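In: mind looking at a prediction? Sequence and model below.
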Amino acid sequence: MICVDNYSSLRFIMWSLPGVDEVSREEAHEHYTSKWEYVFLRSLQDHELLLINELICEFGPILPRYRTFQTYGAERPYTQGRPITHLSRLTTKISAKVANYPQFHKSALQNDFNIATVTRNVAFLWYTEHCVRY
């Protein structure tokens, strides 16, 4: 059994089950898969990265599901993301100019993010957390 309170992202995605303190490894994998869009990659600590990678090895890749616009109706409420087969800390120091990426630039302007050059790691994390998925 996994103690939910030891993993901040797991506790966050289990917001609708406040009284649950422990879950099985399989249930944890299911929660990560069904609510991956709410996992903030920036906040994952090393021990949670290790847990997620162990769950992937044990139960298979995480197939993220992202909500689509409500105009699609009940017949298509989700879209599948790319399968996640391994997570690791992003450590690249290569920089990117925000203005060179229109969607990122637009989102940065809307959220008062005024740094002109960022590492690709920061750009990736910002994009996954703030940019709209179509």
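Out: Received it, and whenever you're ready, just let me know what you need.
In: buried residues in the helix ranked longest in the chain?
Out: Secondary structure of the chain read by DSSP state H shows that its longest helix is helix 46-59. Within helix 46-59, the residues that qualify as buried are E48, L49, L51, I52, L55, I56, counting by 16 or more other CB atoms under 10 Å. Bear in mind the C-beta positions are built from the backbone N, C-alpha and C, glycine included.
In: need those residues in TSV (columns: distance to S95 and pLDDT).
Out: Formatted as TSV, the buried residues of helix 46-59 follow (distance: CB to CB, whole Å; pLDDT from 0 to 100):
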residue	distance to S95	pLDDT
E48	27	93
L49	24	92
L51	31	95
I52	28	94
L55	33	96
I56	30	94
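In: what's the farthest-apart pair in those residues?
Out: Farthest pair in the buried residues of helix 46-59 (CB to CB) is E48 and I56. Separation: 12.6 Å.
In: and which of the buried residues of helix 46-59 is nearest to I115?
Out: Comparing every one of those with I115 (CB to CB), the shortest separation belongs to L49, at 25.9 Å.
In: now do the contacts for the residue nearest to that closest one when sequence neighbours are not counted.
Out: Counting by CB to CB, 6 or more residues apart in numbering, L49 lies nearest to L87, which is 5.4 Å off, once chain neighbours are set aside. The neighbours of L87, taking CB atoms under 8 Å, 6 or more residues apart in numbering as the test, are L44, L49, I52, N53, I56.
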